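Enquirer: coords below, sequence missing:
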């Protein structure tokens, strides 16, 4: 079991930056593969980026490659998402998630709203 809590969302102009954080508590954070997802009303939740538990290898959705960076600090039990060159199409509720023992996305935070104005 791990509890996740996102922070850092807000309103930003197009071209701006935001950094999201996800604080984890419970089981050892380093044991979990982690990811960031986003969802807009009426659409399915989509994965934005993920980072493995062991090597820290990262993967990104094509729509955010070169603009977003996922990272983790296992000593601080925190996951980050640095978002640069934001676009109005990045507007969504952003969620962090952790993979369970079967590598499915089992644990979820409550989400944080990111709004990018044009």
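Expert: Structure received. Not measured: the values here are computed from a predicted model. Residues are numbered from 1 along each chain as shown.
Enquirer: contacts and neighbour counts: CA atoms only from here.
Expert: Noted.
Enquirer: Geometric centre of the chain: which residue is closest?
Expert: For the chain, the residue nearest the mean C-alpha position is residue 36 (2.5 Å; Cα atoms, centre = their mean).
Enquirer: With adjacent residues omitted, what lies nearest to that residue?
Expert: residue 96 (4.5 Å; Cα to Cα, 6 or more residues apart in numbering).
Enquirer: Which secondary structure element is home to that neighbour?
Expert: For residue 96, the host element (DSSP states H and E) is strand 92-99.
Enquirer: now for the very next helix or strand once past that strand, which elements pack on it?
Expert: Downstream of strand 92-99, the next assigned helix or strand under DSSP H and E is strand 105-108. Under the contact criterion of 3 or more Cα pairs under 8 Å, 6 or more residues apart in numbering; DSSP states H and E, strand 105-108 touches strand 2-7, strand 92-99.
Enquirer: If we use 10 Å, what do you get?
Expert: With contacts taken as 3 or more Cα pairs under 10 Å, 6 or more residues apart in numbering; DSSP states H and E, strand 105-108 sits against strand 2-7, strand 34-39, strand 92-99.
Enquirer: Residue 16 is nearest to which of the ones you listed?
Expert: Smallest distance to residue 16 across those (Cα to Cα): 15.3 Å, for strand 92-99.
Enquirer: all strands of this protein, in order?
Expert: 2-7, 10-13, 18-26, 34-39, 46-51, 58-60, 68-73, 78-83, 92-99, 105-108, 112-117 (DSSP state E).
Enquirer: Let's have the ones you listed in a markdown table, adding mean pLDDT.
Expert: Shown next, in a markdown table, are the strands of the chain (pLDDT from 0 to 100):
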| stretch | mean pLDDT |
| --- | --- |
| strand 2-7 | 96 |
| strand 10-13 | 98 |
| strand 18-26 | 95 |
| strand 34-39 | 98 |
| strand 46-51 | 98 |
| strand 58-60 | 97 |
| strand 68-73 | 97 |
| strand 78-83 | 98 |
| strand 92-99 | 97 |
| strand 105-108 | 95 |
| strand 112-117 | 98 |
